[in-house]
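Novice: the following block contains a protein sequence and its predicted model.
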Amino acid sequence: MKFWEKSKKEKLWYKILKYFLIFFWGLVFASALFFSIIGGSFMEIGFTFSRFLLGLIGLALILGLYFLPTVVAHFRKKKNAGAIFILNFFLGWTFIGWVVALIWAAMDD
C-alpha cells in the first residue's frame, strides 16, 4: 500500500470526521444566528451583523477549545484518534475528561 492510500478503516474515520465537521460548523452558524436574533434585552430584539459575528466568533473559539484534544490527536496522526474524539465528545465537559483526552492526544503512540 502506498503512503497516500488509506485503508477502509481510515476512510471511514475521515468520512465520519468530515460529516461531523459539516454538522458542527452548521450548528455553530445556526446558533450564532439564533443568539444574534434573540440576544440583547427583551425590548430591543432584532438582528445586527455585529452581534451575529461576535456570537459566531465566540462560539467557534469555545468549541475549538473544547475539541482541542481531538485536533491535537488528528494532527499527530494518532492511531486511536477516534477514541480520543469519543472521550472528548462525551466527557470533555468535565474538566478531568478534557485533561485526560488532551494528555492522551499529546502522548506518543
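Specialist: Structure received.

Novice: separation between Gly58 and Trp25?
Specialist: 15 Å (Cβ to Cβ, to the nearest Å). (Glycine included, C-beta is placed from N, CA and C.)

Novice: ok, Ser31 next?
Specialist: From Ser31 to Trp25 the distance is 11 Å (Cβ to Cβ).

Novice: pLDDT at Lys11, what is it?
Specialist: pLDDT for Lys11: 71.

Novice: cool, the one 3 residues further on as well?
Specialist: With respect to pLDDT, Tyr14 has a value of 73.

Novice: neighbours around it, how many?
Specialist: Using other Cβ atoms under 10 Å, Tyr14 has 12 neighbouring residues.

Novice: and it, how far is that from Ala101?
Specialist: 20 Å.

Novice: next: Tyr66.
Specialist: 10 Å.

Novice: what's the overlap in contacts for these two?
Specialist: Common contacts of Tyr66 and Ala101 (Cβ atoms under 8 Å, 6 or more residues apart in numbering): 88, 92.

Novice: neighbour-wise, which of the two wins?
Specialist: Ala101 (26 against 14).

Novice: what's that one in contact with, if anything?
Specialist: With Cβ under 8 Å, 6+ apart, Ala101 has these contacts: 69-70, 84, 87-88, 91-92.

Novice: right, I'll call it a day here.
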